[in-house]
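Just the structure for this:
(one chain, ligands or ions: 1)
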Amino acid sequence: MKAYFGTITELISQLNSSLESRNTCMILDENTSIYLDAFQNNVPIKFNYLKVNSGEKHKNLKTVEKVWDFLNENLIHKNDVVIIVGGGMVGDLASFATSTYKRGVNFILFPTTLLSMVDSSIGGKTGINYHFLKNNIGTFSIPEAVFYSSEFLKSLPKNELFSGLAEIYKHCIIKDRKTWNYLKNAIDQLDYDYLIKTSYLLKSEIVKKDPFEKNTRKKLNFGHTIAHAIESSLLERNKPILHGFAVAKGIIIESYIAHRQNLLSQKEFEEIEHQINFRFGNYFNFEIDVNELIKFVKFDKKNTSKTINFSLPTAIGNVTVNHEIELNKVKSFLVEFFQND
Ligand SMILES: NC(=O)c1ccc[n+]([C@@H]2O[C@H](COP(=O)([O-])OP(=O)(O)OC[C@H]3O[C@@H](n4cnc5c(N)ncnc54)[C@H](O)[C@@H]3O)[C@@H](O)[C@H]2O)c1
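Numbering: from 1, shown residues only. Prediction:
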């Protein structure tokens, strides 16, 4: 997979050389269609586009069928290329549709949210939700190229921007103390070009070593065992939150568990807790019930009925995998954590 970084104009010019004379079409969503003109005015070949509805509830088979119909109508063949412009939702969905259409045609991603730039566009996971199960159906399929521009972030709502930032903090704790220190000291506007590039390099290196999540790739699950349980319990109460805010809280709670397991020092835990609360505290306006968390943690496919499998930090900049902790112990850590929170 090739990765390009630059302004939107620079990227479109690079896209033009990548397209050569291939037939192409574009998939975007109702919000990312604001960028349609930039493509239509600067890509020399004429192409059709499909605008899908935005939002997680449209990440389903019905939307995939619309994409398949659109690809058929546009006579897209194996050697052609589909351009996908959007965040993780349209990225996951359209790359799933493209990777299953005619047993897979080439696709190119233009990620437009911070989360999709630093996370979902890297590693080849595609997918849709099925019968309310998140990302239940999917494939591994690598895009031909990904085009990254922080310019897309100018139109992104602030809460969506912060949701993506949580994954960058996660990457720092996994393996990047230098960027952690940068974030700690950054008071004014953050340098998103720097943050996107470092996160891209970090995640790419991990998924290259372990594409199918047998071992090292599990490091990327840090914070997510608790985050998924928080998201599911709030969804059940009909009070959904953005993924990144559940991840930010999950990072603190799993760091606490690491500390209580004698993996992480008190000082490092407190630094993580302080920095995450400083950056995301305003978004922690949701209530968590420990019993509900435990119920959903048990559903996680990585766990057995008696133990929970965590990826946990031993320091800021080092996460280790496969920590099996008994469910009762996890519950007592959670009770303790929320008593002091
Ligand atoms: N494949 C993976 O490895 C992976 C990893 C993490 C998350 N995901 C998936 O990513 C999805 C979440 O992605 P997301 O956080 O990017 O959300 P999203 O794609 O739903 O986008 C959030 C909102 O922002 C809008 N938007 C997107 N770009 C914009 C822009 N530049 N300006 C203005 N509005 C814009 C969208 O239309 C949407 O309303 C979930 O479905 C999740 O399962 C996948």
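
C-alpha only now, for contacts and for neighbours.
Fine.

got a list of what residue 259 touches?
265-266, 269 (C-alpha atoms under 8 Å, 6 or more residues apart in numbering).

got a pLDDT number for it?
For residue 259, the model assigns a pLDDT of 98.

And for residue 301?
pLDDT, read off for residue 301, is 63.

of the contacts of residue 259, buried ones?
Neighbour counting with 16 or more other C-alpha atoms under 10 Å marks 265, 269 as buried within these.

The ligand: which of the contacts of residue 259 is nearest?
The ligand has its nearest neighbour among these in residue 269, at 24.8 Å by C-alpha to the nearest ligand atom.

My guess is the closest one contacts residue 253. True?
No: counting by C-alpha atoms under 8 Å, residue 269 sits too far from residue 253 to count as a contact (9.6 Å).

Filter the contacts of residue 259 down to the ones in helices?
266, 269 (DSSP state H).

Can you pull the residues of this protein lying near the ligand?
29, 31-32, 54-56, 86-90, 92, 112-113, 115-116, 119-120, 125-126, 152-153, 155-156 (C-alpha under 6 Å from any ligand atom).

what comes up buried for stretch 20-37?
Buried residues in stretch 20-37 (16+ other C-alpha under 10 Å): 23-29, 32-33.

Same check on stretch 97-113?
97-101, 104-113.

Next, count neighbours for residue 91.
29 (other C-alpha atoms under 10 Å).

Could you pull up the residues touching it?
84-85, 109, 111, 116, 120-121, 126.

now swap in residue 151 and tell me
7-8.

now swap in residue 122 and tell me
Residue 122 neighbours (C-alpha under 8 Å, 6+ apart): 200, 203-204.

pLDDT below threshold where in the stretch 1-150 of the chain?
The stretch 1-150 of the chain contains residues with pLDDT under 70 at 132.

can you pull out the helices in it?
Secondary structure of the stretch 1-150 of the chain (DSSP state H, counting those that start in this stretch): helices at 8-19, 36-42, 61-73, 88-100, 114-115.

do the same with the stretch 201-341 of the chain
Using DSSP H, counting those that start in this stretch, helices in the stretch 201-341 of the chain cover 224-236, 243-260, 266-280, 290-299, 327-340.

Can you lay out the helices of the stretch 1-150 of the chain as TSV showing distance to residue 282?
Listed next are those as TSV, based on distance: least, C-alpha to C-alpha, whole Å:
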stretch	distance to residue 282
helix 8-19	32
helix 36-42	34
helix 61-73	34
helix 88-100	24
helix 114-115	19
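
between those helices, which one is nearest to residue 187?
helix 114-115 (19.0 Å; C-alpha to C-alpha).

ok so, going back, out of the buried residues of stretch 97-113, list just those in strands.
Among the buried residues of stretch 97-113, the members falling in strands (DSSP state E) are 106-111.

count of neighbours near residue 66?
Count around residue 66 with other C-alpha under 10 Å applied: 15.

how much space between it and residue 28?
According to C-alpha to C-alpha, to the nearest Å, residue 66 stands 12 Å off from residue 28.

before we move on, what about residue 312?
37 Å.

Equivalent analysis for residue 334, please.
For residue 334, the distance to residue 28 - C-alpha to C-alpha - is 41 Å.

OK, contacts around the closest residue to residue 284 other than its chain neighbours?
Leaving aside its sequence neighbours, residue 284 sits nearest to residue 245 (C-alpha to C-alpha, 6 or more residues apart in numbering; 7.0 Å). Contacts for residue 245 (C-alpha under 8 Å, 6+ apart) come out as 163, 166, 280, 283-284.

among the residues you listed, which ones are buried?
Among those, those classed as buried by 16+ other C-alpha under 10 Å are 163, 166, 280, 283.

Which pair of these spans the longest distance?
166 and 283 (11.4 Å).

Out of the contacts of residue 122, the closest to the ligand would be?
Of the contacts of residue 122, the one sitting nearest to the ligand (C-alpha to the nearest ligand atom) turns out to be residue 203, at 10.2 Å.

That closest one contacts residue 117, correct?
No: Residue 203 lies out of contact with residue 117 (C-alpha under 8 Å); the separation is 10.8 Å.
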